[in-house]
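S.K.: Structure for the following, please:
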Amino acid sequence: MRLSRSRIGVLVLFGVMALTLTALAFPALVGVERPAGDQDRVIAATRYGPLTEADRDFVVKVRAAGLWEYPLGELAIERGTTKEMKTAGRHLVVGHAGLDAMCREIAPELGITLPNRASPQQEGFVRTISSRRGAEFDESAVNIMRVTHGQIFSVIAKIRASTKNTLVRQLADLANDTVLDHITVLEQTGLVRYDEVTFRQTGPAKLPRDRVTPPPPQPGEQPLVLEQRPDLNVDTAAPTPTPTPPAPQAPDAAGTVGAPAGPVTPGAGPADAADPAAAP
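M.R.: Numbering: from 1, shown residues only. Below you'll find the predicted structure:
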């Protein structure tokens, strides 16, 4: 059966229209079908900027970290066998109380539900550490927390660089300063096993999702508050560098003071020979 020219024209027209509609619909369909686990997927449009899955997960992770590291900080203050260990404990308590306060402040603004319990894996960390005493407690606590702080440090950097949400950006700024402070005081205990820590940071165990995800709160459950502890009087600011005295200078033939008597190593001086244990 031969088709008339008019009928061929109609078929071509419908074909072009179909292709055009498909092209217009395709981007929307792609957006709808993006998997729920896509961290770049925008889940809410807030007055502080778009909120992605990665943003939401970050806020939840910061909250969950405090739910297990805050009580371990208190335990370190109580059980730590050295001054450095007790100092680390105080920094953990004060730092996570501050992060927790910000999480609880911004979560309602962003429509994020915060957990009231840490993940099963994190609760397992607490059981492992709290079952130990003396030097074994110190070493176990320091190395487990040094691994977890090292892992979240890179997450903070990625969120800070990519988020378009101003509240999440502010939380990332505070988290960056806090986690760096905690890494520093943990290392100052002298107990970090760096080879083991590096291996565990870069090759974490593949655990089921339900082991590393904090459970949601029960309906009507009030949010747990990590108490602020101004009594601990922790200074998390970077220490002020000790000024280096000028290098001694030798008199010249005329008896005047001129150039240094020999080669001078930049930054060298009596302060460099100080006992590391005396550092703040």
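S.K.: shaky segments in this protein?
M.R.: 1-37, 203-205, 236-280 (pLDDT under 70).
S.K.: all strands of it, in order?
M.R.: For the chain, the strands defined by DSSP state E occupy 42-46, 49-52, 249-251, 257-260.
S.K.: Break down this protein into its helices, ranges please.
M.R.: With DSSP state H, the ranges of helices along the chain come out as 5-33, 53-79, 83-110, 120-130, 134-162, 166-187, 194-202, 209-212.
S.K.: Select, out of these, the one closest to Gln222.
M.R.: Closest of these to Gln222 is helix 83-110, at 11.0 Å (criterion: Cβ to Cβ). (Each C-beta comes from the backbone N, C-alpha and C, glycine too.)
S.K.: And the closest one, what does it pack against?
M.R.: Packing partners of helix 83-110 (3 or more Cβ pairs under 8 Å, 6 or more residues apart in numbering; DSSP states H and E): strand 42-46, helix 53-79, helix 134-162, helix 166-187.
S.K.: Switch these over to a markdown table; also include mean neighbour count.
M.R.: Putting the helices and strands packed on helix 83-110 into a markdown table (neighbours: other Cβ atoms under 10 Å) gives the following:
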| stretch | mean neighbour count |
| --- | --- |
| strand 42-46 | 14 |
| helix 53-79 | 22 |
| helix 134-162 | 18 |
| helix 166-187 | 20 |
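S.K.: quick one, which of the ones you listed is nearest to Val225?
M.R.: Among the helices and strands packed on helix 83-110, helix 53-79 sits nearest to Val225 (Cβ to Cβ), with 10.4 Å.
S.K.: before we move on, back to that, now tabulate the helices and strands packed on helix 83-110 in a markdown table and tack on distance to Pro208.
M.R.: Output for the helices and strands packed on helix 83-110, formatted as a markdown table (distance: least, Cβ to Cβ, whole Å):
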| stretch | distance to Pro208 |
| --- | --- |
| strand 42-46 | 23 |
| helix 53-79 | 16 |
| helix 134-162 | 18 |
| helix 166-187 | 26 |
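S.K.: Out of the ones you listed, which is closest to Ile106?
M.R.: helix 166-187 (4.4 Å).
S.K.: Return the closest one as CSV; C-alpha atoms alone will do.
M.R.: Below are the C-alpha coordinates for helix 166-187, written out as CSV (Å, rounded to 0.1, in the frame of the first residue of the first chain):
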residue,chain,number,x,y,z
THR,A,166,25.9,28.5,54.4
LEU,A,167,25.0,26.7,57.6
VAL,A,168,26.7,23.5,56.6
ARG,A,169,29.7,25.6,55.6
GLN,A,170,29.8,27.2,59.1
LEU,A,171,29.6,23.8,60.7
ALA,A,172,32.5,22.5,58.5
ASP,A,173,34.6,25.5,59.6
LEU,A,174,34.1,24.7,63.3
ALA,A,175,34.5,21.0,62.7
ASN,A,176,37.8,21.6,60.9
ASP,A,177,39.2,23.6,63.8
THR,A,178,37.9,21.2,66.4
VAL,A,179,39.1,18.0,64.7
LEU,A,180,42.5,19.5,64.1
ASP,A,181,42.7,20.4,67.7
HIS,A,182,41.7,16.9,68.8
ILE,A,183,44.3,15.3,66.4
THR,A,184,46.9,17.5,67.9
VAL,A,185,46.2,16.7,71.6
LEU,A,186,45.9,13.0,70.8
GLU,A,187,49.3,13.0,69.1
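S.K.: Fine by me, thanks again.
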